[in-house]
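Peer 1: quick one: sequence and predicted model below, then my questions.
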Amino acid sequence: MERHAVVIGAGIVGCAVARDLKMRYPDWEMTILERNKSVFSETSRYNSGVVHSGIHQEPHLLKSELARRGSKLLIEFCAEKRVPFEKAGMIIVAAASDLPSLMGEFRSLTLLRRNSRTQGIPIKFLSGRGIRKLEPEVRGAFGIHIPDVWVVDQKMLATELSAQLFLSGVRFTFGTPVRAIRVCGEKYEVVTDSGVYPADVVVNAAGVSADLVAALAGFDGPEISPWRGEYYEIVGEKAKLVKSSLVYPVLPPGHPVKGIHLTKTVDGRLLLGPNATSWKHREDNFEVRTPPDEFLACGRKFLPSLELEDLRWAYSGLRAKIGAGKEEKDFVIRWERIHPLFVNLLGIESPGFTSAFAIAEHVRGIVESCYAA
């Protein structure tokens, strides 16, 4: 009997899930429905491209496990497909300007060290001089260095991943928001403006709209509250102040965001961001721009010579945060029915980009438990 799978959402998670399922079940009809006009149109494109180690997450969380596994799988894919990536390393820096809070920052670094030991992540404590050896222009009282952190080119990743999907026979349908989802016998019917798609398996990878898609299928779940993050770019000669390392502020493990930080991209840009603002909409608006003062203040903690004229607004993106509070929430991955099967992926925020290929493995395991090859 012919099987059909429908993945809702063509971000990195949806594409990785479709790839993994198609490799496992090559004879299945596989369709990705995407409301935008191309792959990686939302969160997957508008982030920093950092492949995280997992050190910022509490070790017991599912997202921590998936980040550790996912980072390895993502870099292996980039190496195989020649997607540009670099091993940048990350420095988590206690700023010398924050003298009143240095003791608290030292405690936070100690907790991060505990996380690193629990998760097997190699790190090294740094003095201010040690920081300058890695990044001569970066100022800090002390910090830690995490060597196993990468940066990838999101656009090339999108190109190579979607090309592999096309070649394997996965069908994309763009500009196709889902209007309804209903059960018809042993299958789901996913209703869109362009037609009705039958499915033995539906995977909801709709990002900031995943809770709305789940509701269309009749499933209750945690509400997603979109949060918006903006990036500024450091331009001109000041863009050369950081050689390659990612420079992050000290925040305690489990903090809901990683703070405004410095990222050197694969193509040589130096980004400063993101901030974090609660957002009322499920779509972004690039016309809304936070003034640069907050970003400048954060950047000056590590690069004191920065001035307003060195900053240019770059872009923004949304994250699919569960609930209205600021506390960290774990990924919610669960299946709701068997024959037909519905898999919800909810709250896949950072480190969702890093975790995508491991999330795909996880979903494949769920499908395998319900369907034979």
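Peer 2: That came through, no problem.
Peer 1: need the per-residue pLDDT for Arg312.
Peer 2: Predicted confidence (pLDDT) at Arg312: the value is 98.
Peer 1: can you check Thr110 too?
Peer 2: pLDDT at Thr110 comes out at 81.
Peer 1: equivalent analysis for Pro100, please.
Peer 2: 61.
Peer 1: over to Pro252?
Peer 2: At Pro252, the pLDDT recorded in the model is 61.
Peer 1: ok, His255 next?
Peer 2: 62.
Peer 1: again with Lys264
Peer 2: Confidence for Lys264, expressed as pLDDT, is 95.
Peer 1: isn't it right up against Ile234?
Peer 2: No - in this structure, Lys264 is not within contact of Ile234 by Cβ atoms under 8 Å, at 9.8 Å. (Glycine included, C-beta is placed from N, CA and C.)
Peer 1: next, show the common contact partners of these two.
Peer 2: 270-271 (Cβ atoms under 8 Å, 6 or more residues apart in numbering).
Peer 1: please report phi then psi for the closest residue to Asp220 other than its chain neighbours.
Peer 2: Of all residues not flanking Asp220 in the chain, Ala214 sits nearest, at 7.7 Å (Cβ to Cβ, 6 or more residues apart in numbering). With angles defined as degrees, to the nearest 10, Ala214 sits at phi -60, psi -40.
Peer 1: residue contacts, Ala214?
Peer 2: 204, 220-221, 336, 344, 346.
Peer 1: buried residues in stretch 62-73?
Peer 2: For stretch 62-73, burial by neighbour count (16 or more other Cβ atoms under 10 Å) applies to 62-71, 73.
Peer 1: right, I mislabeled it, should have said stretch 20-33
Peer 2: Buried residues in stretch 20-33, counted by 16+ other Cβ under 10 Å: 20-22, 24-25, 28-33.
Peer 1: any figure for the gap between Gly299 and Pro147?
Peer 2: 23 Å (Cβ to Cβ, to the nearest Å).
Peer 1: for Phe357, same thing?
Peer 2: 21 Å.
Peer 1: who's more crowded, these two?
Peer 2: Neighbour count, other Cβ atoms under 10 Å: between Phe357 and Pro147, Phe357 has more, with 26 against 15.
Peer 1: how about that one, what does it touch?
Peer 2: Phe357 neighbours (Cβ under 8 Å, 6+ apart): 16, 20, 69-70, 73-74, 77.
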